[in-house]
Each structure stands twice: as structure tokens, then as C-alpha cells.
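Novice: sequence and computational prediction follow.
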Amino acid sequence: MNHSEGLSELQPLLMEMLDGTLDPKAADKLQQRLRTDPHAMSFYIDFCEMHAALAWEHGQIVADITPTVAEQKKTKSARVPLLWLGAIAATLLVLASVTLSQRDSNAIPNGPAIASIEQSVHATIFTGQREWTQDDIRAGMYVLNQGLVQIKYTTGVTVFLEAPAEFEAVDEKRMVLHEGRLSANVPSDGVSFTVETAEAEVINFGTEFSVEALGGQCEVHVFEGHVRVQPKHPVDQPSEAVDLWTDEAVRIADTTRQASGIDLAKHRFIRSVQEPNGAYVDAVHELSPKAYYRMPIRQQGLLCFPEEYSGRVLTGEGRRPACAPGFAGGSLRVGGPSIGRGAIVQNAPEIANEFTMMAWVYAESRGKNAVLATNMTKRNGCFAWMLDDMNGQMKIRLRDQEGEIVECVTQEPIELNTWHHFACTYDGDMLTLFRNGEIVDSKLSAAPAESRGLPLYFGANWRGKHLWEGRIDEFAIFDKALTQEQIESLMMYDNPSQL
């Protein structure tokens, strides 16, 4: 097809655009053509200038007019200054751009399905004023009000979106992220997929990458592969595209539209719902835990191995999901801007007269008495693992059969925004607290109080107070006291990349 034949197809589309009858599918086709074909863009500009001139002469767009002879005689002698023609043409260009790039936010998507929701975790999605309850994703605007969704395109592209997010599903090859957090996994077999924000276009070349658009800037993080980031810019202020490779990231601010290098955010984005079985997980299983909570990302609740000790994730007000990237796979997210309010296990494992508990934890703040895990109520239960009420130091409290309390406490406040491994053991005489494989405190204690039939709480106390404000992962309970050597051996796998 030569240029003239191709450009002739644009005329009816442009006429429909001007008279307001252009349907969404045709608008997408026109928008894509103008972005990729310089001849089409030149034709489009000429078209707008011509109709600007006609609008100036006749008072309205030519597609809508049937002027009388008197009106024609009156306007034929008019001479339109080129400055005014340019201004009107520019106005038409802006109006046309708005028509093409912004859908009616209240419109309900009703076109063909371009993707499907594979997994929804405490998610609510709205289109216009209505909640979207279908599994299909159709071309149109969506608002993810809370939770997490996993979207699978017909091309094989997988996208994870975390609330709060506003996005437009354009077609199988493009998504516009107006606000929010997105991760995409794009096959490396030639599939094309582009994520557009107000500040830039992110074009993939078979990758795993994440994008966050918030507060007049966007960030792009590449975890594997290669993407090209093209900052958007005014015509008179060109900016160069930036190629990003594995473990690279940039930020583009709306004010400058220039890409600047930043650190890769390894713990921010949900990029999978799979729980990997690797070296650390295998090592824990070899120690024969009585209960092992891997904290996978799932809608169905808190999963345990064995399943008889599974529980329920608690949610409340908030936007972000009650899950997050963990040390290995997913984690339980509690507090902050999330809907997570911890978890409860009604049929909890009994804490034996000798025991070990351990977990990977990630604190985002040091709340007073913030609870990691507990089975204590006002009068019952035997342990509370928490931060102290002064400096944010980690402590384990053990209540014995006489009601006496013994505490082991770390010397330093917990470091924020990083993963720590904590463990506590009781061997029949000594209560010992470990951090990252090292003993930090040890105290004599009598046997723990009875705990049979008591619920186990993660991330909050029995009243739902003292939220952890962070993440909890890989929580294991043993009915024996592990040795220091056994706990230290797990630190061989303190790098999630080894999993």
C-alpha cells in the first residue's frame, strides 16, 4: 500500500472525529497510526489547518455546515491572518488529542475482551460509577480501588496492579497507567507491550519490569531484560530515549521530563504470586516444623503446612493489598496504607514445653508494642513477640504456668525497611532470642503456660490493636528447641536471590 492509498483511509476517521461519532476502537486505530506514521501525522496537521481555516470563514466546522449563499458572499472577501489560522489549528490539535487520548471516565467498557483477571486478592474495581465484577478486561478506563489484581493478556503478557490505581486498557499491546503501581512480565518471543504514563512511554523488549506513576512523576524499574523509556516532551524541548537493562531504574519528573538514575526497588513491587521452593524453604522443612506459614499471596486466606493450622487474613480500611513482596515469594502486609490488619488462626498449634519460633520480618515503622505474633490475651496464653513501648527493640515475652513474665530483648531498635531473621527458643530452662542467627539475649524461665485451644494472632494483638506496620514472612513453629548451629545454618540463605 502506497502513502496516498494509506492516507485516504484517514479522511473518514478524521471526519468522524470532528463530528463526534468516532467509536473507541476507531479512535485507538487513529491514535496508533498518528504515533507511528509521520506521513499520517503530516496529513493530520494539514487536515486540521484546513478545517481551522474553513471554521474561521464559515463560523463552524465544514462537516457540520450548510451555508447559505448570503453567508458565502459575506465571507468570501474576508482575509484570515495566518496568526489566527495557526491558533485555531493548534486549538483543533489539542481538542483532537483530548478526544483521542481521554475516554469518558464514566463509560462502561463494552468492546471485545483483550485480557482476563486471573487472580483477585481483596480487590474492588470500578468503571465509571459501577463496580466491575466481570473476569474479562475490555478496552476502557478502570479504577482499582483496593487490593491486587493479576491480569493476563491474550498475547501472554501478565500484569500485576496494586491499588490505588487508575488505568486504561487500550488494546493487547498497550496500557495507560494514569496513577498507581504496575508490574509486567512480557514473553521474550517478539511480543510487543507498552506502558504509557503522563511522563513517558515504556517500550519492552521481552522483560520483567515495574512502573509507578504518582505525584507528577513516574519510575521505571527493570528486573530482567531490556526496556526503552521515552520521556514525553513539548515539540520544542526534545528529550532522548533511555535504554534500561537488568537491575537498572530511572525516575522521570513531570517538571523536567528528563530521566535520572535511581536505585532498583527490590522490595516494593508485587511481581508474582508464586511461592518459590528453594534453599531456605527446603532447609526449614528438613528441620520438621510443626507449623509453617509461608504467607503466600492468595485470596483464600492464611495458608499453613500442614493445612489444619491454616487461618484467616484480617482486613480493614485502606487501599493497598494485605500482601507484599516477601523474603521468599509473598508476605503478610499489616498496617500503613494497606487494608491488612493481621491474621488469626483459630485452630492454632499448641506451644510445647520446648519450642522454637522464627520468621523473616520487615518493619516500616516502630509502633509502640507492635505485635509480630502472639497467643496472649489478658489472662491466657504464653507468648507475645513484639516491639517494646519505648525504642522499637524486638522482644519475646513468655508467660509461665504461674503467670510470671520473662522477657528477652534486643539491644538495638529494629532497623527499618530491610529484612531481618528473628528466632526464639525455649529448651526447658532458657528462653533465648536470636537476630540474624546470633544470640542477642537469654533468660532463665519456667515452663510456658497452657496454650491448647487458644487462637494465634499475626500482626496485631487479640483486640486487633498494636499493628505491626510492615511485613511478616516464613513464620515457622517447632515443638523442639533448635540449636544455635541449626539457626545459624539458615543464614547461609539470607539472600533471596539464592532461593
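Specialist: Looks like it came in fine.
Novice: show the pLDDT at L95.
Specialist: With respect to pLDDT, L95 scores 45.
Novice: and A78, by the same measure?
Specialist: As predicted, A78 sits at a pLDDT of 39.
Novice: who does the residue sitting nearest the centre point of the chain bridge with?
Specialist: Geometric centre of the chain, nearest residue: E162, 3.4 Å, by C-alpha atoms, centre = their mean. Beta-bridge pairing of E162 under DSSP bridges involves L148, R181.
Novice: tell me the contacts of the residue nearest to N375 when sequence neighbours are not counted?
Specialist: Leaving out its chain neighbours, the residue that sits closest to N375 by C-beta to C-beta, 6 or more residues apart in numbering is G381, at 4.2 Å. Bear in mind the C-beta positions are built from the backbone N, C-alpha and C, glycine included. Listed by C-beta atoms under 8 Å, 6 or more residues apart in numbering, the contact partners of G381 are T374, N375, R399, A449, S451, L454.
Novice: does the last one touch P349 like I think?
Specialist: No - proximity of L454 to P349 does not meet the contact threshold set by C-beta atoms under 8 Å, at 10.3 Å.
Novice: contact partners for the residue nearest to the centre of the chain?
Specialist: L144, L148, G180, R181, L182, F269, I270, R320, P321.
Novice: mind running it again at 6 Å?
Specialist: L148, R181, I270 (C-beta atoms under 6 Å, 6 or more residues apart in numbering).
Novice: the first one contacts A322, doesn't it?
Specialist: No - contact status for L148 versus A322: not in contact, 8.9 Å apart, counting by C-beta atoms under 6 Å.
Novice: give me the number of residues near V159?
Specialist: Neighbours of V159 under the rule other C-beta atoms under 10 Å: 23.
Novice: so what's the backbone phi/psi at it?
Specialist: phi -130, psi 130 (degrees, to the nearest 10).
Novice: next one: it from R174, what distance?
Specialist: Using C-beta to C-beta, to the nearest Å, one gets 12 Å for the distance from V159 to R174.
Novice: same question, G428
Specialist: In terms of C-beta to C-beta, G428 sits 63 Å off from R174.
Novice: the more surrounded of those two?
Specialist: R174 (21 against 11).
Novice: nearest spatial neighbour of that one, skipping sequence neighbours?
Specialist: Leaving aside its sequence neighbours, R174 sits nearest to T194 (C-beta to C-beta, 6+ apart; 4.9 Å).
Novice: return the set of residues that bridge with that neighbour.
Specialist: Beta-bridge partners recorded for T194 (DSSP bridges): R174, I203.
Novice: excluding chain neighbours, what is closest to A460?
Specialist: Nearest to A460 is G342, by C-beta to C-beta, 6+ apart, at 3.7 Å.
Novice: surely that neighbour is within a strand?
Specialist: Yes - the assignment for G342 (DSSP: H, G, I helix; E, B strand; the rest coil) places it in a strand.
Novice: can you get me a residue count around it?
Specialist: Using other C-beta under 10 Å, the number of residues around G342 comes to 29.
Novice: the one 3 residues further on too?
Specialist: By the measure other C-beta under 10 Å, the count of residues near V345 is 22.
Novice: which SS class is H267?
Specialist: Following three-state DSSP, H267 is assigned to coil.
Novice: not counting sequence-adjacent ones, nearest residue to it?
Specialist: Excluding its sequence neighbours, the residue lying closest to H267 (C-beta to C-beta, 6+ apart) is P325, at 5.4 Å.
Novice: contact partners of stretch 475-488?
Specialist: Residues outside stretch 475-488 that contact it (C-beta under 6 Å, 6+ apart) are 284, 289-293, 349, 352, 354, 356-359, 423, 425, 427, 434, 437.
Novice: residue contacts, S451?
Specialist: S451 touches E350, I351, N375, C382, counting by C-beta under 6 Å, 6+ apart.
Novice: would you reformat the residues you listed as TSV and include neighbour count?
Specialist: Shown next, in TSV, are the contacts of S451 (neighbours: other C-beta atoms under 10 Å):
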residue	neighbour count
E350	17
I351	24
N375	24
C382	22
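Novice: and of those, the nearest to L467?
Specialist: N375 (17.2 Å; C-beta to C-beta).
Novice: quick check: mean pLDDT of stretch 320-339?
Specialist: The model assigns stretch 320-339 a mean pLDDT of 95.
Novice: cool, stretch 347-354 as well?
Specialist: Regarding stretch 347-354, the rounded mean pLDDT is 96.
Novice: now stretch 256-276
Specialist: Stretch 256-276 shows a mean pLDDT of 91.
Novice: repeat that for stretch 198-216.
Specialist: The predicted model assigns stretch 198-216 a mean pLDDT of 93.
Novice: ok, now stretch 399-407?
Specialist: What stretch 399-407 shows for mean pLDDT is 96.
Novice: what's that stretch in contact with?
Specialist: Residues outside stretch 399-407 that contact it (C-beta under 6 Å, 6+ apart): C382, K395, R397, L398, L431, K443, S445, A446, A447, A449.
Novice: what's the most distant pair in those?
Specialist: K395 and A447 (19.7 Å).
Novice: which of these two has more neighbours?
Specialist: For the pair K395 and A447, the greater number of neighbours falls to K395 (19 against 16), based on other C-beta under 10 Å.
Novice: run the chain-centre distance for the helix or strand the more buried one falls within.
Specialist: According to DSSP states H and E, K395 maps onto strand 393-399. Taking the mean of its C-alpha atoms, strand 393-399 sits 33 Å from the chain's own mean (C-alpha atoms, centre = their mean, to the nearest Å).
Novice: check for me that E488 belongs to a helix.
Specialist: Yes - membership of E488 in a helix is supported by three-state DSSP.
Novice: contacts only, for G335.
Specialist: L467, E469 are the contacts of G335 under C-beta under 6 Å, 6+ apart.
Novice: could you do I351 as well?
Specialist: Contacts of I351 by C-beta under 6 Å, 6+ apart are C382, P448, S451.
Novice: state the distance from it to V409.
Specialist: Taken as C-beta to C-beta, the span from I351 to V409 is 20 Å.
Novice: same question, E224
Specialist: 41 Å.
Novice: SS state for L314?
Specialist: Classified using three-state DSSP, L314 is strand.
Novice: so it touches V345, yeah?
Specialist: No - the pair L314 / V345 is not scored as a contact, 11.2 Å apart, by C-beta under 6 Å.
Novice: hmm, who's touching the strand or helix carrying I252?
Specialist: Using DSSP H and E, I252 sits within strand 248-253. Strand 248-253 is contacted from outside by 199-200, 217-222, 231, 242, 259-262, 264, using C-beta under 6 Å, 6+ apart.
Novice: can you tell me which of those residues end up in strands?
Specialist: Using DSSP state E, the subset of the contacts of strand 248-253 located in strands is 200, 217-222, 231, 242, 259-262.
Novice: could you flag which of these are buried?
Specialist: For the ones in strands among the contacts of strand 248-253, a neighbour count by 16 or more other C-beta atoms under 10 Å gives the buried set as A200, Q217, C218, E219, V220, H221, V222, P231, V242, A259.
Novice: tell me which two of the residues you listed sit farthest apart.
Specialist: Among these, Q217 and V222 lie farthest apart (C-beta to C-beta), at 17.4 Å.
Novice: nearest residue to L302 in space, please, no chain neighbours.
Specialist: Nearest residue to L302, sequence neighbours excluded (C-beta to C-beta, 6+ apart): G311, at 4.0 Å.
Novice: how about E16, phi and psi?
Specialist: phi -60, psi -40.
Novice: any idea how far it lies from E168?
Specialist: With C-beta to C-beta as the criterion, E16 and E168 are 21 Å apart.
Novice: of these two, who's got more company?
Specialist: Using other C-beta under 10 Å as the criterion, E16 and E168 rank with E168 on top: 19 against 16.
Novice: for the more buried one, which non-adjacent residue is closest in space?
Specialist: V176 (4.0 Å).
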